[in-house]
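*Asks:* next one to model:
(chains A, B, C and D)
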2 protein chains.
Amino acid sequence: MRNEDPPVSTSVTIVDIARQAGVSIKTVSRVINREEGVGAETRARVQAIIDRLRYRPNASARSLSSRRSYLIGVIFLEVGAYYYVGQVQVGAMRACRRAGYHLVVEQVRTPGAMGGVQAFAQSLREARFDGVVLTPPTCDDPEVLAAIETAGLPYVRIAPDRDFDRSPYVFMDDRAAAREQTLRLWDMGHRRIAFIDGPADHGSAARRRQGYVEALRERGAEPRPEWIVQGAFRSLSGFEAAEGLLGLPEPPTAIFAANDEMAMGVLAAAAKHGLSLPGDLSVVGFDDTPAAEAAWPRLTTIHQPTAEMAEAAVDILIDGFGDERFRGRTAIRQLDYTPMIRDSAAPPRR
Amino acid sequence: MRNEDPPVSTSVTIVDIARQAGVSIKTVSRVINREEGVGAETRARVQAIIDRLRYRPNASARSLSSRRSYLIGVIFLEVGAYYYVGQVQVGAMRACRRAGYHLVVEQVRTPGAMGGVQAFAQSLREARFDGVVLTPPTCDDPEVLAAIETAGLPYVRIAPDRDFDRSPYVFMDDRAAAREQTLRLWDMGHRRIAFIDGPADHGSAARRRQGYVEALRERGAEPRPEWIVQGAFRSLSGFEAAEGLLGLPEPPTAIFAANDEMAMGVLAAAAKHGLSLPGDLSVVGFDDTPAAEAAWPRLTTIHQPTAEMAEAAVDILIDGFGDERFRGRTAIRQLDYTPMIRDSAAPPRR
DNA sequence: GCGGCTTACGACAACGTTGTCTTATCTAGT
DNA sequence: ACTAGATAAGACAACGTTGTCGTAAGCCGC
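*Replies:* Here you go, the predicted structure:
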């Protein structure tokens, strides 16, 4: 067991391994890919040499020959800014690593670049992904979907909003979570509950709004249009929405923001107005970002298992590669939310 | 100009183009890669066919043959959570798109996975990146650097903290920015200025602290140890640090958090203590996240051109590919910060 | 001892590009 | 008119794998 590591790694190939082991390259290939048809003894000998020389197969060659790139794309409308994006990557990467895949980040909208979906589609066809994961709201964009299907790429969507039998997908029951959240406010005694909506093209925002509406109707109240205001999932939009709401002749006693970022904006607006929370105003969010826990008052919200959803999506994708026709399987995976009851919601002060 | 698009794209190759154009595949290859040695007329004819058939070269084949993968890795200690990560990706992707590269995200630390840097190194060698971009604090990790150098990969670092002539890098003068920031507080009249530090392994945190210390000394004051507290760049750590600071017998009148996330935590702690900002306490941050603008009071901070730094890093990387020995060039690129003077800092109330 | 089956392995041709070298053809200089 | 030198294009061999098919050896049943 002397330290006889090879010199600097001037790329050792499958041929080197085969020669050293005295077998054919095909046999080495079989060992690498854990295929059967190799005797235990031979397998061990080859494996030992692979380990000693620190051999790693060349991804390009492998991919050219096998038509598999071991690359999975995760597609965002826009990378950056959101906490959500990071969480998706965390989960997706975990699943990729486990299965020996790499994660390529793609973005449909590239500020300052020419050609929108067109350029994206080109980029797609060139990259040779084995499959892609689509995140909202891109997962509902007909153009994007068409581009991916034209390229013949298997894909899994996270939290899509329609065409549910068009592909496998993973989701969480946003509507139910939002309904519960609203019900909790109502049952605390709130009767003037406002809702700050997400971007119009965002399916999960719409479902959260539905849950809100549903809860009110369930308690026999008709949602008032002036209490449902448009937001953009960014803290500044939450701030502005709350400003409007608090300036109303009959301001709400509770505000439900469709995501935590906007809820943080609401907190800021409340601070500006000198409101004491949660006494003067209850605020609840959705997502459970780290900032929600470090807010004051600590934000009551819904924990969304984003990373786990992304992980499940990649798992479905990779599992599907075995199958002849990926589209045949319409795997669906539902994950659970968790209400995080903290301090920002309380019965309204009389 | 009839609409005679080809049928579904059952992968058209360079051979198809060559046949249709009546030229050799090499000539097509030359057209694709904008090499010289093709007549204008031939070039146009070939290009037209490429466009008509929507041909895109096979990345794997190209990569196998040319030893270039057109893949650039961007390496984080941990993806997720930070605003920073998203911004880096935005910039890096912009540069990649421009040059026809794709961006692969890698993470050194994979929670719940075996093998730390070792597994990472394997993953690296397998992926065949053309080059990688390292972000802090990973860009200062000797093990990671050694792994990358062993693999013979060109790399560019973003905001490294040492070994400045080991590779090209891009940076921003954190120290100067923090010094100015501190000076502004001092010159407003603050004499008890606390600093919430970042993680110990984070070079830019250390430089910001140096700037803070330097500013105080410049004004003839010696920094008090109890006013420099450890944080972790997360909002919760900012909250906790502020709690400690505000409980001091002689609490600071201003708190400088080494990043915005922690500053947001400080804001929360101040709200908890019923402080009126900025009268009772001035708070300043560093980074200029979107949340900083939607806070109340709006957070005074330093705008860091993160996306631009990442973009520059990728540009340097790609430019360097032309050169024989990448290590020969030690390109350095400095970008400027911008103080964002908003409402969270003001002269102390007497 | 023969055919038929299984197991373990190898030969060889893809895979779709790019790199290197060679070969026509055209242009300019004398 | 002849050569030198540029320019345009092609032939062919890599690149490092995997897929397909072939085959030798061993085992079984009779």
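*Asks:* please count neighbours and contacts with C-alpha atoms only from this point.
*Replies:* OK.
*Asks:* can you show me the strands along the stretch 101-250 of chain A?
*Replies:* A:102-107, A:131-134, A:155-158, A:169-172, A:193-196, A:228-229 (DSSP state E, counting those that start in this stretch).
*Asks:* for those strands, which one ends up most surrounded?
*Replies:* strand A:155-158 (a mean of 28; mean count of other Cα atoms under 10 Å in any protein chain shown).
*Asks:* strand partners (parallel or antiparallel) of that strand?
*Replies:* Counting by DSSP bridges, the strands paired with strand A:155-158 are strand A:131-134 (parallel), strand A:169-172 (parallel).
*Asks:* gap between it and the chain center?
*Replies:* 10 Å (Cα atoms, centre = their mean, to the nearest Å).
*Asks:* stretch A:299-309 now?
*Replies:* So, by Cα atoms, centre = their mean, the centroid of stretch A:299-309 is 11 Å from its chain's centroid.
*Asks:* for stretch A:163-176, same thing?
*Replies:* On Cα atoms, centre = their mean, the centre of stretch A:163-176 falls 13 Å from the chain's centre.
*Asks:* hey, which helix or strand in chain A has the poorest pLDDT?
*Replies:* helix A:117-127 (a mean of 79; mean pLDDT, DSSP states H and E).
*Asks:* could you export that one as CSV, CA atoms only?
*Replies:* Output of helix A:117-127 as CSV, limited to C-alpha atoms (Å, rounded to 0.1, in the frame of the first residue of the first chain):
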residue,chain,number,x,y,z
VAL,A,117,-38.5,32.4,-26.1
GLN,A,118,-36.9,31.9,-29.4
ALA,A,119,-33.4,32.3,-28.1
PHE,A,120,-34.3,30.2,-25.1
ALA,A,121,-35.5,27.4,-27.4
GLN,A,122,-32.3,27.5,-29.4
SER,A,123,-30.3,27.3,-26.2
LEU,A,124,-32.4,24.4,-25.2
ARG,A,125,-31.8,22.3,-28.3
GLU,A,126,-28.1,23.0,-28.2
ALA,A,127,-27.6,22.0,-24.6
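*Asks:* leaving out the residues flanking it, which one is nearest to residue A:70?
*Replies:* residue A:101 (4.8 Å; Cα to Cα, 6 or more residues apart in numbering or on different chains).
*Asks:* so who does that neighbour touch?
*Replies:* Counting by Cα atoms under 8 Å, 6 or more residues apart in numbering or on different chains, residue A:101 touches A:70, A:71, A:72.
*Asks:* hmm, back to that, now the angle from the least confident helix or strand of chain A to strand B:102-107?
*Replies:* Orientation check (axes from the mean of the first three to the mean of the last three Cα atoms, to 10 degrees): helix A:117-127 against strand B:102-107 gives 70 degrees.
*Asks:* briefly note if helix A:117-127 comes near chain B.
*Replies:* Yes. Applying Cα under 8 Å from any Cα of the partner chain, one finds helix A:117-127 touching chain B at A:122, A:125, A:126, A:127.
*Asks:* which of the contacts of residue A:101 sits closest to DNA strand D?
*Replies:* residue A:70 (11.0 Å; Cα to the nearest atom of the strand).
*Asks:* got a list of what that closest one touches?
*Replies:* By Cα under 8 Å, 6+ apart, the neighbours of residue A:70 are A:59, A:63, A:100, A:101, A:102, A:129, A:130.
*Asks:* which one of those residues sits closest to residue B:233?
*Replies:* residue A:102 (28.0 Å; Cα to Cα).
*Asks:* mind checking the end-to-end distance for stretch A:277-288?
*Replies:* 19 Å (Cα to Cα, to the nearest Å).
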